[in-house]
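[1] one predicted model, sequence on top.
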Amino acid sequence: MKLNYKRTILVGFAFFLISAFWQAYDATIPVILTNKFGMSQTWSGVIMALDNILAVFMLPLFGAFSDKCNTRYGKRTPFITIGAVVAAVALIGLSFVDNVQLKNISAVSKIDDPAALTVIYETQSDRELQTPEGERFVLEDKFTKDEFVEIKSVKDDKTNPDYTNYVVPARQAYAADVTENKPAALVTFVGLLLLVLVAMATFRSPAVALMPDVTIKPLRSKANAVINLMGTAGGILVLVLGMVFATSAVKNAMMSYTVYYAVIAGIMLTALSVFLLTVREPKWSRQMQEDSVALGIEENDAQTTEKRGLSSSEKRSLILILASIALWYFGYNAVTSKYAVYAGNILNMDYNTTLLLAQAAAIVAYLPAGIVASKMGRKKTILAGVIMLATAFGFASFMRAGSSVLVMNCLFALAGIGWATINVNSFPMVVEMCSGADIGKYTGFYYTASMSAQIVTPVLSGALMDKMGMTVLFPYAAVFAALAFATMFFVKHGDNKVAVKKGLEALDIDD
């Protein structure tokens with residue numbers, strides 16, 4: 001048996017465009033909400049959590065819908081096409097509404113403009129505000145108008161702390177006042193945002209379910225590694241574009257995103273075009289069914305196309321796998337969502353390099369993780385990954401300011417490898433237990449488990465950090481990783497099935 005890498009890469013273009021979208025969305029929407037609409041971090045966080053909340057309900061729903069869809073283009077392709085087009089168009093629409101709000105706050109929208117700083121000071125000088133680090137202040141107690149107007153965003157080639165701590169909160173307060181008086185732009189923006197999120201949710205499960213639709217069961221870990229690499233490539237491309245457009249630069253905090261979003265939408269539609277021109281879903285799905293029968297993985301075509309019930313033992317395994325998915329997301333997502341703050345306050349380290357190393361290690365580990373699983377089994381490979389994750393988080397619990405940066409980077413690299421090992425193999429374990437008629441539904445189960453954890457763990461870990469101190473973060477993550485090992489240990493189904501080869505033609509598959 002040999003994975004058809006070209007076919008898998010072409011199928012992966014659907015996940016490529018999904019990852020490209022989310023990279024742009026997560027990097028820019030919070031900035032728009034806070035800088036231009038003056039939204040608090042709390043309410044911005046609520047808006048940013050909407051995608052996970054919607055995903056819990058919509059991913060299983062549309063996964064199951066796609067299972068029942070039967071068109072000449074296939075089960076998944078119609079959802080991918082419609083969802084991607086609507087999301088791309090609505091994304092550009094968001095930039096137009098953003099431009100309307102930019103016009104509403106035009107009096108303060110120019111960075112380092114004395115006239116803009118004067119307006120900010122005259123309207124916000126006697127108001128109690130808060131710095132990004134939580135310090136409460138009144139502007140007129142800190143600066144005279146002349147001093148305030150002289151503040152520049154960059155000082156000595158670095159971001160000026162006075163600008164970050166005092167100008168930005170005051171400008172955001174002004175934007176909040178304007179939004180309160182002219183709420184139409186915010187209402188329209190949030191409405192379009194919901195449309196974008198619904199559009200993305202309609203095709204994520206179908207897009208991911210397409211891989212097992214066209215890949216025989218023993219090769220799905222390898223195929224999932226390729227799909228993950230395609231997603232990573234989409235995210236990296238958008239990161240590069242962010243550098244080109246300088247979306248994170250202080251000078252561009254009030255920039256128009258129309259051109260940037262148009263380029264992102266163009267990338268999404270280009271990836272969709274490649275997908276539509278090359279992927280032959282019905283044909284490849286039929287070939288997968290025929291190969292499964294020829295290799296003895298399934299006894300007949302009906303097993304791959306008809307629904308089947310799970311035995312009590314299989315149900316227990318499915319529940320344990322989903323519990324494991326939720327538990328390791330509880331640990332890992334808590335770290336990724338809180339580490340930037342933790343690194344600054346507890347470790348006195350730069351967080352960017354550390355997180356980048358974790359991502360780089362994961363990229364390198366994707367394909368080897370799929371290959372190892374094909375040799376020793378998915379369950380054992382996942383358990384090894386969970387041990388790596390728990391070990392990395394456990395040792396990181398003892399790191400403090402003055403600790404070795406090299407050691408911390410090595411621990412995060414180990415966590416990245418462990419995470420890749422887990423991710424590549426966990427989804428194939430879930431869909432291993434279902435027939436072809438239920439792949440979309442079971443894909444939805446997988447995302448329900450992961451998304452639910454990602455909704456709860458930032459709140460839970462944050463509450464514990466508030467109550468017990470920030471140093472609880474890594475012990476928290478290590479405990480959940482250990483719990484995931486315990487639940488995964490008792491899983492008895494969903495692992496690789498060794499194919500029974502029939503004839504010389506069964507020695508190789510490269511169609």
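    Cool, the structure landed.
[2] mind listing what the residue nearest to Lys142 when sequence neighbours are not counted touches?
    With sequence-adjacent residues excluded and distances taken as CB to CB, 6 or more residues apart in numbering, Lys142 is closest to Tyr166, at 6.1 Å. C-beta: built from backbone N, CA, C; applies to glycine. The contact partners of Tyr166, by CB atoms under 8 Å, 6 or more residues apart in numbering, come to Leu129, Thr131, Phe137, Leu139, Lys142, Phe143, Phe148, Ile151.
[3] can you give me the distance of Tyr166 to Asp141?
    The span separating Tyr166 from Asp141 equals 11 Å under the rule CB to CB, to the nearest Å.
[4] beyond the helix or strand of the chain with the lowest mean pLDDT, next helix or strand please.
    Lowest on mean pLDDT, DSSP states H and E among the helices and strands of the chain sits helix 302-305, with a mean of 51. Per DSSP states H and E, the first helix or strand lying C-terminal to helix 302-305 is helix 312-342.
[5] what pLDDT, on average, does that next one get?
    Helix 312-342 carries an average pLDDT of 92.
[6] swap in stretch 91-106?
    Here the average pLDDT along stretch 91-106 is 96.
[7] next one: it to chain centre, how far?
    25 Å (CA atoms, centre = their mean, to the nearest Å).
[8] also stretch 470-485?
    The answer for stretch 470-485 is 21 Å, by CA atoms, centre = their mean.
[9] same question for stretch 59-69.
    21 Å.
[10] CA atoms only: put it into CSV for me.
    In CSV, the C-alpha atoms belonging to stretch 59-69 read as follows (Å, rounded to 0.1, in the frame of the first residue of the first chain):
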residue,chain,number,x,y,z
LEU,A,59,-19.8,21.2,12.7
PRO,A,60,-21.7,18.0,13.6
LEU,A,61,-24.8,19.3,12.0
PHE,A,62,-23.3,20.1,8.6
GLY,A,63,-21.0,17.0,8.8
ALA,A,64,-24.2,14.9,9.0
PHE,A,65,-25.9,16.9,6.3
SER,A,66,-23.0,16.3,3.9
ASP,A,67,-23.2,12.5,4.7
LYS,A,68,-26.8,12.6,3.3
CYS,A,69,-25.9,14.9,0.3
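[11] which residues touch that stretch?
    In contact with stretch 59-69 (CB under 8 Å, 6+ apart) are residues 75-76, 78-79, 201-206, 209, 437-445, 447-448, 451.
[12] pretty sure the residue nearest to Lys142 is in a helix, no?
    Yes. According to DSSP: H, G, I helix; E, B strand; the rest coil, Tyr166 belongs to a helix.
[13] between the contacts of Tyr166, which has the most around it?
    Phe148 (23 neighbours; other CB atoms under 10 Å).
[14] so which helix or strand takes in that one?
    helix 145-149.
[15] which parts of the stretch 151-300 of the chain are strands?
    Remark: strands assigned in the stretch 151-300 of the chain by DSSP state E, counting those that start in this stretch are 154-155, 158-159.
[16] who does the last one pair with, and is each partner parallel or antiparallel?
    So the one you mean is strand 158-159. Under the criterion DSSP bridges, strand 158-159 sits next to strand 154-155 (antiparallel) in its sheet.
[17] contacting residues for Tyr433?
    For residue 433 the amino acid is Met, not Tyr. Leu310, Glu314, Ser317, Leu318, Tyr442, His493, Gly494.
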